[in-house]
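Enquirer: Okay, predicted coordinates and the sequence, questions at the end:
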There are 2 protein chains.
Amino acid sequence: MTEAKGNTRTAYEQIRQAIVEGRYLPGQRLIEQRIAKEFELSRTPVRESLRMLEAEGLVHSEPNRGAVVRSVSVEELADLYALRALLESFAAELAAARITDEDLARIDEGIALFEESIGIAAGGTLEGVRALSEANRLIHGAIIHAARHERLAQLLARTVDVPLVFQAFRQFDRSEMERSHLFHRLIRDAIAAHEGARAARLMSEHVLQGRDVLIARIQAHPQGAEHLFASRPT
Amino acid sequence: MTEAKGNTRTAYEQIRQAIVEGRYLPGQRLIEQRIAKEFELSRTPVRESLRMLEAEGLVHSEPNRGAVVRSVSVEELADLYALRALLESFAAELAAARITDEDLARIDEGIALFEESIGIAAGGTLEGVRALSEANRLIHGAIIHAARHERLAQLLARTVDVPLVFQAFRQFDRSEMERSHLFHRLIRDAIAAHEGARAARLMSEHVLQGRDVLIARIQAHPQGAEHLFASRPT
DNA sequence: TCTCGCTGGATTGTACGCAATTCGTGGTGA
DNA sequence: TCACCACGAATTGCGTACAATCCAGCGAGA
């Protein structure tokens, strides 16, 4: 009440963001009462949000036992990225066939923003990581939008925007950001030239490189990434 | 109350089945009060079910305006099958690498059941179509299970089990059933031989043939399939 | 000591009521 | 005749109360 006219939508988004950014850790119980108090709402919108997040796969819940943040093993993480590579390269291929000038302009905007953000994010601040992640989201979102495939967009939103992706950006060093930037531009050009197969291959490579960086970091500094995973599997 | 201890789960499943089987038509408004009365519950579990179905993509809803059954255009239908082909062929490829004897036995069971069902379903009865659809679900489900990729399974459940797929089987004639049966066996053998690329190609072809049959039927008898689509786009 | 069952607190599941919003409908004025 | 506005029915959004369920901890009996 002290805040804006808080409705279910904002509850959903706040809980989601908390999970994605890792403020709610994998394995942690999500108790309706507590969350409701935290956001100054009643349990009703919180319950609905949790149900949506469950259908989305971000939380796991069992009848009469409530919801917990879902955890991901390293193996699942690798599989998840393989899936994402498949879906995003499909999107890139469709985009190459269906792109409009407007879509292309949106991609270019995202790319420009990504370039700007590299400087900020190289500092390693949360703010910088957020800016980079947001620019990345814009680029990939614009490509998916250009693919004109609503269901694909829906699935990707749930496959990409997962706790680990946000964490992944924290692990990036400057050269990796630059490499992502390069791939974004290559993909953009392939799409603009209507070269679907190339766009798809580049996108797949781009995503898999992100995966490899993330997994290498996890194995190099397991203590730094352990908060990604639950102590007990859920 | 008169019924079994009706909880949210059953409400969710009943509404879902009504949509998938076409008892709730695309474009139809889903009014909480009416559904609640229909299932003899309060609005609360109905609301939660609708939210889950929304996250799943089966219904569309806007704030303060409620939920409607989502409709699908022929173009979206084609895209949907392309997506399904992509995901299922990926599943087949993974399955070829990860298959166990147990999984293979499950696939074989499904194939045997499918063969039995062809005779029944050729009659064109709803019962026969249900049996065939169920056998088909078992086969594809066993392959997806063999792929050991939870998120992929989740996405496929929501991409495959869509109103249109159930309707599709009604459109099959005997030779098409036989062809599906043939492809099931070819896919099974490729998976058993750990030939991932072949399994993926066969699966893709299998799904796309299903698509072509369905679309051809729709265009040949548009009056028979019009109930698949809403009068107004949603 | 180990197992079993009981009990109380914590939490989820469901019903219900009221406020807020939407949308159709009819009336009013130009 | 037409545009506009206001009212009211229908519906959704949300809070709250209470029932159902789960689970940890404890005590009794073997």
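Expert: That came through, no problem.

Enquirer: ok, the residue in chain A that chain B sits nearest to - how many residues close by?
Expert: At 3.6 Å from chain B, A:A55 is the closest residue in chain A, using C-beta to the nearest C-beta. Glycine gets a C-beta too; all of them are placed from N, C-alpha and C. Neighbours of A:A55 under the rule other C-beta atoms under 10 Å in any protein chain shown: 20.

Enquirer: host element of it?
Expert: Using DSSP states H and E, A:A55 sits in helix A:43-56.

Enquirer: Which other helices and strands does that helix contact?
Expert: Other elements packing on helix A:43-56 under the criterion 3 or more C-beta pairs under 8 Å, 6 or more residues apart in numbering or on different chains; DSSP states H and E are helix A:8-20, helix A:32-39, strand A:59-62, strand A:66-69, helix B:43-56.

Enquirer: between the ones you listed, which gets the lowest average pLDDT?
Expert: Per-stretch mean pLDDT for these is lowest at helix A:8-20 (a mean of 89).

Enquirer: A:L104 and A:A190, how far apart?
Expert: Computed as C-beta to C-beta, to the nearest Å, the A:L104 to A:A190 distance reads 12 Å.

Enquirer: quick one: which of those two has more around it?
Expert: Remark: of A:L104 and A:A190, A:A190 carries more neighbours, 22 against 16, as counted by other C-beta under 10 Å.

Enquirer: sorry, back to before: so which of the helices and strands packed on helix A:43-56 comes closest to A:D161?
Expert: Nearest of the helices and strands packed on helix A:43-56 to A:D161, taken as C-beta to C-beta: helix A:8-20 at 6.2 Å.

Enquirer: which residues sit against the helix or strand that that closest one is followed by?
Expert: Heading C-terminal from helix A:8-20, the first helix or strand you meet, by DSSP H and E, is strand A:29-30. For strand A:29-30, the surrounding residues in contact (C-beta atoms under 8 Å, 6 or more residues apart in numbering or on different chains) are A:15, A:24, A:50, A:59, A:66-69.

Enquirer: TSV please, covering the helices and strands packed on helix A:43-56 and showing distance to DNA strand C.
Expert: Listed next are the helices and strands packed on helix A:43-56 as TSV, based on distance: least, C-beta to the nearest atom of the strand, whole Å:
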stretch	distance to DNA strand C
helix A:8-20	12
helix A:32-39	4
strand A:59-62	7
strand A:66-69	3
helix B:43-56	4
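
Enquirer: who wins for proximity to B:D173 among the ones you listed?
Expert: Using C-beta to C-beta, those put helix B:43-56 closest to B:D173, at 31.3 Å.

Enquirer: Any residue of that closest one touching DNA strand D?
Expert: Yes - applying C-beta under 7 Å from any atom of the strand, one finds helix B:43-56 touching DNA strand D at B:43-44, B:47.

Enquirer: how much space between the residue most central in space within chain A and B:G124?
Expert: What sits nearest the mean C-alpha location of chain A, by C-alpha atoms, centre = their mean, is A:D161, with 2.3 Å. According to C-beta to C-beta, A:D161 and B:G124 sit 45 Å apart.

Enquirer: Spit out the contact partners of the closest residue in space to A:F90 that isn't next to it in sequence.
Expert: Spatial nearest neighbour of A:F90, chain neighbours left out: B:L86 (5.6 Å); criterion: C-beta to C-beta, 6 or more residues apart in numbering or on different chains. Counting by C-beta under 8 Å, 6+ apart, B:L86 makes contact with A:86-87, A:90, B:204.

Enquirer: one more time with 10 Å
Expert: A:86-87, A:89-90, A:152, B:159, B:200, B:203-204, B:207 (C-beta atoms under 10 Å, 6 or more residues apart in numbering or on different chains).

Enquirer: Any stretches of chain A with poor pLDDT?
Expert: Along chain A, segments meeting pLDDT under 70 span A:1-6, A:221-234.

Enquirer: Residues of it that sit close to DNA strand C?
Expert: Proximity of chain A to DNA strand C, by C-beta under 7 Å from any atom of the strand, involves residues A:5, A:29-33, A:43-44, A:47, A:61, A:63-67.

Enquirer: ok, back up a step: just among the residues of helix B:43-56 next to DNA strand D, which is most surrounded?
Expert: B:R47 (21 neighbours).

Enquirer: how many neighbours does the closest residue to that residue other than its chain neighbours have?
Expert: Excluding its sequence neighbours, the residue lying closest to B:R47 (C-beta to C-beta, 6+ apart) is B:E32, at 5.8 Å. By other C-beta under 10 Å, 17 other residues sit near B:E32.

Enquirer: Check the gap between B:E32 and A:E21 for me.
Expert: B:E32 sits 33 Å away from A:E21, going by C-beta to C-beta.
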